[in-house]
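**Q** generate coordinates for the sequence data below:
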Amino acid sequence: MINSQKRRQFILALFLCLLFIAPAFSTAIPSPTVDPLCLAQGPLKRAFVSRVVDGDTLILKGVDGEQDKSIRLVGVNTPELDHKAGLHQAFAWPAYQFLKFFEKRFIFYQEGPDKRDRYGRYLYYLFDIDRISIGSQLISQGLGYRIAIPPNIKYQSCLIKAEAQAKELSLGVWSKKQQWLPQAGFVVANVIITSVTR
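**A** Residues are numbered from 1 along each chain as shown. Next up is the predicted model:
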């Protein structure tokens, strides 16, 4: 009789502890407040991914006798892979691995208003089979930065939310103050502009 009473008291005490402790743990785990993934707007074309070059560039298989096309994702810039020396920027490899998932698979795309970049790559918005922006997936996981180069800014409002979530949760490129030393190319900097001259 005494053992069963002690057992009930123990279970009650354990229940009360869990009742008060569980909410503390649930608030400590960050959870997204918005859905940062951009859904396709408008008609899409379907293509086959032949090869992934890095976190924001891939090759789409040509159709009807066309040559394969080198594609640059619109709206996202990922850290650079060093194909020669293997000295990759932080989070370049995870971004590459993420995009590599789509290799040898079909995806959807929309062309950007500016058709090509300065390297001759085609500028496309890319989407998975669920019509979710691949760029927004990279950005929301902290595997790249949002970039806006007019006129290719169709999904910017959504990409802003994706990047804000990654920053808030300190994911990927946002987990450190500075991932690499400034160099030629793309760098995020927190600076104060003291003057502007011509």
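
**Q** helix, strand or coil for residue 79?
**A** coil (DSSP: H, G, I helix; E, B strand; the rest coil).

**Q** just checking, it touches residue 94?
**A** No - between residue 79 and residue 94 there is no contact under CB atoms under 8 Å: 9.0 Å. C-betas here are computed from N, CA, C, even on glycine.

**Q** out of these two, name the residue with the larger neighbour count.
**A** residue 79 (25 against 20; other CB atoms under 10 Å).

**Q** find me the pLDDT at that one, would you?
**A** For residue 79, the pLDDT comes out at 95.

**Q** for it, give me its contacts.
**A** 55, 88, 89, 90, 91, 92, 95, 144, 173, 179, 180 (CB atoms under 8 Å, 6 or more residues apart in numbering).

**Q** would you state the helices of this structure in chain order?
**A** 2-28, 92-100, 134-140, 156-168 (DSSP state H).

**Q** least reliable of those helices going by mean pLDDT?
**A** Looking at the helices of the chain, the bottom one is helix 2-28 with a mean of 53.

**Q** now residue 44. Nearest residue, chain neighbours left out?
**A** Spatial nearest neighbour of residue 44, excluding adjacent residues (CB to CB, 6 or more residues apart in numbering): residue 108 at 3.9 Å.

**Q** and residue 53, how many neighbours does it have?
**A** Counted with other CB under 10 Å, residue 53 comes out at 16.

**Q** the residue nearest to it when sequence neighbours are not counted pairs with what?
**A** Excluding the flanking residues, the one nearest residue 53 by CB to CB, 6+ apart is residue 59, at 6.8 Å. Here residue 59 shows beta-bridge partners residue 51, residue 70, assigned using DSSP bridges.
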